[in-house]
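Colleague: Sharing a model prediction with you, sequence too.
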Amino acid sequence: MFIYPKKYDVTVVGAGHAGVEAALAASRMGCSTLLLTTNADTIGQMSCNPAIGGTAKGHLVREIDALGGEMGRNADMTGLQFRMLNTKKGPAVWSPRAQCDKKAYQYRMKWICEKQPNLDVKQGNVTSIIFDKSSISGVKTSIGVSYLSKTVIITTGTFLHGLMHIGNEKEHGGRSGEPAAIGISASLREIGIELMRLKTGTPPRLLGKTIDFSKLEEQGGDDPIPFFSFWPHDPFHVEQSTSVSKPKTRTHAFPVGSILEAIGGQKSCFLTRTTTKTRSIIKDNIHLSPMYSGEIVGVGPRYCPSIEDKIIRFKDRETHQIFLEPEGIATDEIYINGLSTSLPFEVQVALVRSIIGCENAEIMRPAYAVEYDFALPTQLQITLETKACENLYLAGQINGTSGYEEAAAQGIMAGINAARRCLGRKPLILSRDQAYIGVLIDDLVNLGTLEPYRMFTSRAEYRLLLRQDNADRRLSGIGHEIGLLSNKNHQIFLKKCDSISNEISRLNKTRVGTETMARLLKKTEITYETLADNNASLPYDVREAVEIEIKYSGYISRQIKDVERQKSSENKKIPSNFNYNKIRGLSTEAQIKLTTIRPFSLGQAGRISGVSPADISLLAVWLKRSSEIDSHSKIDVTND
């Protein structure tokens, strides 16, 4: 065994969306960081759809960006098409989404990691975790190299004991053409972490020249362009084109050297549908699907079902919507969004050719399902550190989530907290009223999940406060304070805040007849652009923020009051070694759940599944009494 001579503060295992954000966060905060991946050519690979963002997911991306993460900037630089979803509804649910060049996204993320100070990128297949009793000390690779570090973050995604299915055919792997991570599961179990199985899937990829796009409905991007990032971008390796006109932007100057500028505008996606023939093919072959034949034991994603699930669950629906999305500018490969399946290849060919416009389409890559190990997330602290082992953090799909964005959000938080542990600082915990990231992690550690967790705006009780447009105002101050967001970007943030504040103040003072401009802007039929005395010189994002803050001020104020009322229970901390078995009258289920999860506050305890309001009332009384009497009393904090 060879022990690598350099000892790291943070070692990150896996270089997907969670791993990249974790490694970049830790290194940017000043910690010596190692990013280990089985294949250095697939850092930041988009395993499934070539898109970032979407409903609620776009909120997560903007929060990652506001803190100082990379996903939003990378999507902006490599995006082919940008849209803001749900604009016919209120601003709480507006969500940006970008169609990206899959290879450019991957290459740029690899380049960012390689040039990042304090970060070493190495190729290596981690087979075991090195630990002593209840503390981590490093990892070991398949070639016998041990890397020692103060903390370890595991972000293995679908690779953890991954098994791919196409019909009855099975192959070990986490992604087509790439091997599974086998040994880590045994290490995690040895540490005391319980693992279960989940399943996800991906659709076929088609050859664009074999599709009849004339039969399809074209879908373009938005103008102004809803970029993700709040900050100016670094140049990308694609040379800047000087011959194309620059489209309008929503948030900042057009990013120099982006894919969009290289191609001179946004690429289109196309909308089509399945047919009754599609439904017949699936019904006739459903017994060949490993999901229905019993070959797959893992639970699949409820909100991103396979085409088999759609046909079986929605029996009365004649057809289903399908999107055809370009995978890049240097490929004719097309992603067929909505046709995830694990049926045999010959059935996939018939399925694809039953779809409008795809009658003669050729499959370049077959669809498949993948089963993988995941750790029940209730075994984590709110910091994403495992309860079973100090200095070991888990992030991404290993915690039961689905999607690039949920993974990246966990990754940046695991990286931040591992770094702060190494720096001797308190962990960063984002609350449910601060960020969707806070909602995500709070849900995972309190409620757990037995199916792939996906973020939705409906999961956030304070979603009017957690809009995608104000992610910087919620989180950029925190990002700068912890050393993740640069001084340069923090100054941009402060300048924007001043502009918003000054314009709101001006509108409140400026009168038109008997009413102020602000009062006029509250009316449904009035927008900032139609105000007689608007300031057209302000950036788009400032004008948008001013309008939202004024128009929805009453609702926002009420939600802020709700947050303040809730904070009383959030501020009531529970000692980490509190003995719940001493509370008379507490239900058995509550005792078990509270002892297992170990909530850090009364508010967190109230969100645990199986803990009733009556249980919380009892706990509140005992916490109050325990603070008033001797610390050795039987109703106070005791050692378990």
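Modeller: Structure's in. What do you need?
Colleague: what residues are up against residue 516?
Modeller: 507, 508, 509, 510 (Cβ atoms under 8 Å, 6 or more residues apart in numbering). C-betas here are computed from N, CA, C, even on glycine.
Colleague: Restricted to strands, list those.
Modeller: Among those, none falls in strands (DSSP state E).
Colleague: so which of those residues is the most crowded?
Modeller: When the contacts of residue 516 are compared by neighbour count (other Cβ atoms under 10 Å), residue 507 ends up highest, at 22 neighbours.
Colleague: That residue reaches residue 518, doesn't it?
Modeller: Yes: judged on Cβ atoms under 8 Å, residue 507 makes contact with residue 518 at a distance of 4.2 Å.
Colleague: tell me, what's touching these two both at once?
Modeller: Common neighbours of residue 507 and residue 518 (Cβ under 8 Å, 6+ apart) are residue 550.
Colleague: ok, residue 295 touching residue 169?
Modeller: No: in this structure residue 295 lies outside contact range of residue 169 using Cβ under 8 Å: 9.9 Å.
Colleague: These two: which is more packed in?
Modeller: Neighbour count, other Cβ under 10 Å: between residue 295 and residue 169, residue 295 has more, with 18 against 14.
Colleague: Can you give me the pLDDT of that one?
Modeller: Looking at residue 295, its pLDDT reads 77.
Colleague: and what of residue 303?
Modeller: At residue 303, the model reports a pLDDT of 66.
Colleague: go on, residue 47?
Modeller: 93.
Colleague: List the contacts of the residue nearest to residue 218 when sequence neighbours are not counted.
Modeller: Leaving out its chain neighbours, the residue that sits closest to residue 218 by Cβ to Cβ, 6 or more residues apart in numbering is residue 268, at 4.9 Å. Residues in contact with residue 268 (Cβ under 8 Å, 6+ apart) are 81, 218, 219, 220, 221.
Colleague: so where do the helices sit in the stretch 401-550 of the chain?
Modeller: Along the stretch 401-550 of the chain, the segments classed as helices by DSSP state H, counting those that start in this stretch run 404-422, 436-447, 471-481, 487-509, 517-521, 540-551.
Colleague: wait, doesn't residue 9 sit right on residue 422?
Modeller: Yes: under the criterion of Cβ under 8 Å, residue 9 makes contact with residue 422 at 4.1 Å.
Colleague: between these two, what contacts are shared?
Modeller: With contacts defined as Cβ under 8 Å, 6+ apart, the residues adjacent to both residue 9 and residue 422 are 26, 31, 150, 151.
Colleague: Could you report the neighbour count for the third one?
Modeller: Which is residue 150. When neighbours are counted by other Cβ under 10 Å, residue 150 registers 20.
Colleague: That one and residue 420 touch, don't they?
Modeller: No: at 11.7 Å, residue 150 and residue 420 do not qualify as touching, with contact defined as Cβ under 8 Å.
Colleague: if I look at residue 90, how far off is residue 524?
Modeller: Relative to residue 524, residue 90 is positioned 12 Å away (criterion: Cβ to Cβ, to the nearest Å).
Colleague: again, but for residue 398
Modeller: Taking Cβ to Cβ, one finds residue 398 at 46 Å from residue 524.
Colleague: who's more crowded, those two?
Modeller: Taking other Cβ under 10 Å, residue 398 and residue 524 do not tie; residue 398 has more neighbours (31 against 6).
Colleague: Residue 102 is in contact with residue 330, isn't it?
Modeller: No: using Cβ under 8 Å, residue 102 is not in contact with residue 330; the gap is 10.1 Å.
Colleague: More neighbours: the two, which one.
Modeller: Comparing residue 102 with residue 330 by neighbour count (other Cβ under 10 Å), the higher total belongs to residue 102, at 24 against 9.
Colleague: State the number of residues packed around residue 3.
Modeller: 14.
Colleague: what about it, distance to residue 541?
Modeller: Distance from residue 3 to residue 541, by Cβ to Cβ: 50 Å.
Colleague: ditto for residue 107
Modeller: With Cβ to Cβ as the criterion, residue 107 and residue 541 are 29 Å apart.
Colleague: who's more crowded, these two?
Modeller: residue 541 (22 against 18).
Colleague: Surely the more buried one and residue 469 touch.
Modeller: Yes: counting by Cβ under 8 Å, residue 541 does reach residue 469; the two are 7.0 Å apart.
Colleague: Quick one: residues contacting residue 110.
Modeller: If a contact means Cβ under 8 Å, 6+ apart, then residue 110 has 40, 41, 43, 44, 121 as its contacts.
Colleague: Narrow these to those in helices?
Modeller: In helices, judged by DSSP state H, none of the contacts of residue 110 are found.
Colleague: from the contacts of residue 268, which would you call buried?
Modeller: Using 16 or more other Cβ atoms under 10 Å as the burial test, the contacts of residue 268 include 81, 221 as buried.
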